[in-house]
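In: curious how this folds, go ahead:
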Amino acid sequence: MKFAQSQKGMSVLSWLMVLALVAFFASAAFKVIPHYLDYMSMEKIITSVETDEALEIRSINEFYGHVSRGMEVNSIRDLNLRDILQIKIENNEFHAHLQYERREPLIKNIDLVVHFDKEFRVRMP
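Out: Residues are numbered from 1 along each chain as shown. Below you'll find the model as predicted:
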């Protein structure tokens, strides 16, 4: 019976392993989450062209200007707008294709990669 009582709980080595795993996943999450927040902001900026009635966006350059101002407001400065967003006008709609990839170094030559690719159909106001 003495043996059963000595086997309660985790050892120090087990706790260190659990702590190392938690630290690894927390580090990865803290590197990836800002990119997802930027992407969600970009989605909201693009779709606001259709929902905000005060905007009078009729051309591709006005659309780029609106998205550029939204990027400044949301402090998204590390993306080149003309490289990540292609816009066409078809049938009185903007067809916006947002596509880009971000890399964050994790450990030496191992990177975390997030890839975003979405098409939007935004009606002209």
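
In: need the contact list for the residue nearest the centre of the chain.
Out: The residue at the geometric middle of the chain, judged as the C-alpha nearest the mean C-alpha position with C-alpha atoms, centre = their mean, is Tyr36 (2.0 Å). For Tyr36, the contact set (C-beta atoms under 8 Å, 6 or more residues apart in numbering) comprises Val114. Any C-beta I mention is one placed from the backbone N, CA and C, and that applies to glycine too.

In: for it, report the pLDDT, please.
Out: With respect to pLDDT, Tyr36 has a value of 96.

In: for it, which three-state class applies?
Out: For Tyr36, the assignment made with DSSP: H, G, I helix; E, B strand; the rest coil gives helix.

In: in the strand or helix carrying Ser41, what counts as buried?
Out: When elements are assigned from DSSP states H and E, Ser41 belongs to helix 12-51. Neighbour-count burial for helix 12-51 flags 31-32, 35, 38-39, 41-42, 45-46, 49-50 (criterion: 16 or more other C-beta atoms under 10 Å).

In: repeat that for stretch 90-104.
Out: 94, 96, 98, 100, 102.

In: gap between stretch 61-73 and the chain center?
Out: 18 Å (C-alpha atoms, centre = their mean, to the nearest Å).

In: pLDDT averaged over it - what is it?
Out: Along stretch 61-73, the predicted confidence averages to a pLDDT of 94.
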